[in-house]
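Peer 1: no letters, just coordinates:
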């Protein structure tokens, strides 16, 4: 069993009005798509996606969306947190592939990280957000030489007005062929991507997150209907074939005590 390693926060950066990046040194290496459990003494332990691992430091991009994350936002440089992991599956790619990336919200972190590693791939990066201020890591993404940056915003304040899924579908309708589609973010967005990829027979990898409480596959809190697999071990990154067998995908999830919450 893993126990949290206590680390000091080295750097905090306000990325968007809702999201901060927290940087800390951590000895275990990770891959894009994996997660860690963050422990705040006296508050809670929560799973969080890893936004970047430079070989020495981790970066976590965290939005203040609930009690635990608001407590995290209140921390300062030199404050201590507990970390355990990394856990779970990760995104995969092959040199020479043309890849479509469709992240929403904090999903820009893992996909940006993957793009920095998949330097021999041609990547179309469809970053979506409600408005310009919420396009997480946009400045970093558009600097990557292997990336064509294609942002979209609901209000049209940056890029195309509309949704990133629509922009991606328009590219395919123009005849662009993708070897792989990578998506992470709101589940209804990923569900739409999954359906289109299945229809068009395009390989797709999705990050289906549940409340991954123990991260060992023991507590059963992240089991999905009807397969019963644990998303902390068999996920969170799964291919579209497996996603299509998860009855609750795009329909509902369960809270920390197992109650169904419809999307």
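Peer 2: Alright, I've got the coordinates. Worth saying up front: this structure is predicted, and the values here are computed from it rather than measured.
Peer 1: residue nearest the centroid of this structure?
Peer 2: residue 107 (3.6 Å; Cα atoms, centre = their mean).
Peer 1: roughly how far does the closest residue to residue 129 other than its chain neighbours sit from residue 22?
Peer 2: Once flanking residues are discounted, residue 129 sits nearest to residue 135: 4.8 Å by Cβ to Cβ, 6 or more residues apart in numbering. Every C-beta, even on glycine, is put in place using the N, C-alpha and C of the backbone. In this view, residue 135 and residue 22 are 20 Å apart by Cβ to Cβ, to the nearest Å.
Peer 1: ditto for residue 215
Peer 2: Residue 215 is 19 Å from residue 22, by Cβ to Cβ.
Peer 1: what does residue 182 give?
Peer 2: Distance of residue 182 to residue 22, computed by Cβ to Cβ: 24 Å.
Peer 1: okay, the two: which has more neighbours?
Peer 2: Taking other Cβ atoms under 10 Å, residue 182 and residue 22 do not tie; residue 182 has more neighbours (30 against 23).
Peer 1: may I have the beta-bridge partners of that one?
Peer 2: With DSSP bridges applied, residue 182 shows beta-bridge pairing to residue 101, residue 205.
Peer 1: quick one: contacts for it?
Peer 2: By Cβ atoms under 8 Å, 6 or more residues apart in numbering, the contact set of residue 182 is 91, 99-103, 111, 114, 204-205.
Peer 1: so the nearest residue to residue 106 once chain neighbours are set aside: helix, strand or coil?
Peer 2: Sequence neighbours aside, residue 61 is the residue nearest to residue 106 in space, at 5.2 Å (criterion: Cβ to Cβ, 6+ apart). State at residue 61, reduced to three classes by DSSP: H, G, I helix; E, B strand; the rest coil: strand.
Peer 1: for residue 61, give its distance to residue 12.
Peer 2: Counting by Cβ to Cβ, the gap from residue 61 to residue 12 is 11 Å.
Peer 1: and what of residue 173?
Peer 2: Using Cβ to Cβ, residue 173 is found at 42 Å from residue 12.
Peer 1: comparing the two, which residue is more hemmed in?
Peer 2: residue 12 (16 against 8).
Peer 1: and the helix or strand containing the more buried one, which residues are buried?
Peer 2: Using DSSP states H and E, residue 12 maps to strand 5-14. Within strand 5-14, the residues scored as buried using 16 or more other Cβ atoms under 10 Å are 5, 7, 9, 12.
Peer 1: name the strands paired with it and say parallel or antiparallel.
Peer 2: In the sheet, strand 5-14 lines up with strand 19-25 (antiparallel), strand 80-87 (antiparallel) (DSSP bridges).
Peer 1: per-residue confidence averaged over stretch 162-173?
Peer 2: Average pLDDT, stretch 162-173: 96.
Peer 1: give me the residues contacting that stretch.
Peer 2: By Cβ under 8 Å, 6+ apart, stretch 162-173 touches 100, 102-104, 124, 126-128, 150-152, 154, 156, 159-160, 178, 181, 189, 192-193, 196, 200, 202.
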